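Enquirer: Build the 3D model from these lines:
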Amino acid sequence: MTRIRKAVFPVAGLGTRFLPATKSVPKEMLPLIDRPLIQYAIDEARAAGIEEFIFVTAVGKGALEDYFDTAEMLEKRLEASGKTELLARLEQTRMKEGALTILRQDRPRGLGHAVRIARRAVGDEPFAVLLPDDVIRADRPALAQMVEAYSNTGGHMVATMEVPRQDVSKYGVLDVASRDGALTLAAGMVEKPRPDIAPSREAVVGRYILDPSIFGRLADAAPGAGGEIQLTDAINADAASRPIHGWRFAGERFDCGSQAGYVAATLRYALACPELASVVHRTIDRSEAPVALAG
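Expert: Below you'll find the model as predicted:
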């Protein structure tokens, strides 16, 4: 079975859709109930067996590094107060020594460029890429599903879901060659196609397992859609020598890079929490009641 030990997390984006909140807080640190978005991605990676975590970040993202550091003063106060449950919660924010690598992207130049920066840290082995904006709620973590499937396929694998035809222009889309249950063999990928020419409705979302051959393709990649280095283009360029598979994960995906997706995720996770579900229902019930206006 192929071991996937390393994962790249592109976290250099500006988060402009959440300004002014993201003026000083990285969008990956926005909280979803009791954890920031980045923690959901890290927890998913750990559940899939990831041991080394590579952040491709930018200036102004220091809070991401601090979050995974030891908070010695806070921990001492919690320990002195006997708050052992809170201390236990902090355990998930700790990284083993040497497990976290921080790389800098000088300016946003596309997902392909962010992955290319990680070449030396990844080395010559298959690796995962997780986009923290995409939160996937699943009984079995999405990346763990993919790692199991990848052991039988090799090559490149992307997480997919079926989207309405009118939404395909928001995604990379697979050119489907064949299907076998949740697994799709693709002839290639198209980045944000017009609905009338899209080869399918099988859309790529923010989970990838990539063969290290992708770095050679990225090294030669020219700017594509939006003037950026597109990971989709590099995967396509490798199609002749490496299979491309899509994995339609079992789970619910939320685009937390958008305000609508972030709100939807917050409600969904709150409703799944017994302590919060009743609060959500009461709040919604009150909002539907007539409101008395002052004056």
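
Enquirer: low-scoring stretches of this structure, by residue?
Expert: 1, 225-226, 287-295 (pLDDT under 70).

Enquirer: again, only using 50
Expert: Applying pLDDT under 50 to the chain flags the ranges 290-295.

Enquirer: Name the nearest residue to A239, sequence neighbours excluded.
Expert: Leaving aside its chain neighbours, A239 sits nearest to G188 (5.4 Å; criterion: C-beta to C-beta, 6 or more residues apart in numbering). Placement of C-beta: from N, CA and C, glycine included.

Enquirer: Against G172, how distant is the spatially most central residue of the chain?
Expert: Residue closest to the mean C-alpha point of the chain, counted by C-alpha atoms, centre = their mean, is L131 at 2.4 Å. Distance of L131 to G172, given as C-beta to C-beta, to the nearest Å: 12 Å.

Enquirer: which residues touch A203?
Expert: 160-163, 167-168, 170-174 (C-beta atoms under 8 Å, 6 or more residues apart in numbering).

Enquirer: out of those, which are buried?
Expert: 160-161, 163, 168, 171-174 (16 or more other C-beta atoms under 10 Å).

Enquirer: hey, where'd the strands end up in the stretch 101-250 of the chain?
Expert: In the stretch 101-250 of the chain, the strands defined using DSSP state E, counting those that start in this stretch lie at 127-130, 134-137, 156-162, 172-180, 183-191, 202-210, 244-248.

Enquirer: tilt between the third one and strand 202-210?
Expert: Between the direction of strand 156-162 and that of strand 202-210, the angle (axes from the mean of the first three to the mean of the last three C-alpha atoms, to 10 degrees) works out to 150 degrees.

Enquirer: List the strands paired with strand 156-162, with their directions.
Expert: With DSSP bridges as the test, strand 156-162 is paired with strand 202-210 (antiparallel), strand 244-248 (parallel).

Enquirer: tell me how far that strand is from the chain's mean position?
Expert: 13 Å (C-alpha atoms, centre = their mean, to the nearest Å).

Enquirer: How about the residue nearest to the centre of the chain, nearest residue that isn't a chain neighbour?
Expert: Spatial nearest neighbour of L131, chain neighbours left out: G206 (3.0 Å); criterion: C-beta to C-beta, 6+ apart.

Enquirer: Could you do D106 as well?
Expert: Nearest to D106 is A58, by C-beta to C-beta, 6+ apart, at 7.7 Å.

Enquirer: cool, and F53?
Expert: L100 (5.2 Å).

Enquirer: Who are the contact partners of the one you found?
Expert: The contact partners of L100, taken as C-beta under 8 Å, 6+ apart, are 53, 55, 65, 68.

Enquirer: Out of the residues you listed, which comes closest to A47?
Expert: Among the contacts of L100, F53 lies closest to A47 (C-beta to C-beta), at 13.2 Å.

Enquirer: so which strand or helix has that closest one?
Expert: strand 52-57 (DSSP states H and E).

Enquirer: Which strands and helices lie in contact with that strand?
Expert: Contacts defined by 3 or more C-beta pairs under 8 Å, 6 or more residues apart in numbering; DSSP states H and E place strand 52-57 against strand 6-10, helix 62-67, strand 100-104, helix 111-117, helix 119-122.

Enquirer: picking up where we left off before, can you select the buried ones from the contacts of L100 in ChimeraX?
Expert: Selection of buried members from these for ChimeraX, criterion 16+ other C-beta under 10 Å:
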select :53,55,68
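
Enquirer: Format the contacts of L100 as TSV; extra columns: distance to R116.
Expert: Below are these laid out as TSV (distance: C-beta to C-beta, whole Å):
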residue	distance to R116
F53	18
F55	15
E65	21
F68	24
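
Enquirer: Of the contacts of L100, which is the nearest to V115?
Expert: V115 lies nearest to F55 out of the contacts of L100, by C-beta to C-beta, at 12.4 Å.

Enquirer: Widest-spaced pair of the contacts of L100?
Expert: Going by C-beta to C-beta, the pair spanning these furthest: F53 and E65, at 11.5 Å.

Enquirer: list the contacts for the residue nearest to A239?
Expert: Contacts of G188 (C-beta under 8 Å, 6+ apart): 174-175, 236, 239, 244.

Enquirer: could you measure it against V158, distance?
Expert: Taken as C-beta to C-beta, the span from G188 to V158 is 12 Å.
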